[in-house]
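**Student:** Coordinates only, no sequence provided:
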């Protein structure tokens, strides 16, 4: 429901929302929690962003792309994004709610991305990221740091919504102009 599609392998998504503090063992002894999916999701997220940046900034050097990637998605951003998506309401954990683990929700978001990757593959996961996650990141950053608008506009320019608007224009429902 979070991304608007029906999963093929529902148990992958269920595991994504089981924090290691709520780990349980199956009859065969295998432990169930989201740590492995989190690891995979982190790598997939990095690959998706690297792919997008490589495509959108053909003349950029490695240092620039690395800096932009790390600013777009960092621990704080992932945690805030996960809460805005409602992951905090469905995550199963035994962590004291008065003292939640710092990265609890962002880790679950990475696990969810790992689940999507295993269930749908890289191309579909990238499309879901561009449609559902990247716009939320952009809006958050633009509210906090409007000077980043030219970079985000270039990232989103080819992602079109109805009427041929760029996705970022669709988010703000108005025409945006970038001046050099």
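**Tutor:** It's in. Given the structure is predicted, the values throughout are model-derived calculations rather than measurements. Residues are numbered from 1 along each chain as shown.
**Student:** The spatially most central residue of the chain: what's it in contact with?
**Tutor:** Nearest to the mean C-alpha position of the chain, by CA atoms, centre = their mean, lies residue 133 at 5.0 Å. If a contact means CB atoms under 8 Å, 6 or more residues apart in numbering, then residue 133 has residue 81 as its contacts. (C-beta placed from N, C-alpha, C; glycine too.)
**Student:** For residue 123, the count of nearby residues, please.
**Tutor:** If you count neighbours by other CB atoms under 10 Å, residue 123 ends up with 8.
**Student:** Before we go further, it is sitting in a helix, right?
**Tutor:** Yes - assessed with DSSP: H, G, I helix; E, B strand; the rest coil, residue 123 lies in a helix.
**Student:** hmm, back to that, how about the residue nearest to the centre of the chain, secondary structure?
**Tutor:** Per three-state DSSP, the secondary structure class of residue 133 is helix.
**Student:** start at 34 instead
**Tutor:** OK, 34 is where the count begins now, so the last one is residue 166.
**Student:** That one and residue 78, how far apart?
**Tutor:** Between residue 166 and residue 78 the computed distance is 9 Å (CB to CB, to the nearest Å).
**Student:** Which helix runs longest in this structure?
**Tutor:** Secondary structure of the chain read by DSSP state H shows that its longest helix is helix 68-89.
**Student:** what about residue 109, which SS state?
**Tutor:** In three-state terms, and counting by three-state DSSP, residue 109 is helix.
**Student:** can you give me the strands in the protein?
**Tutor:** Using DSSP state E, the strands found in the chain span residues 57-58, 64-65.
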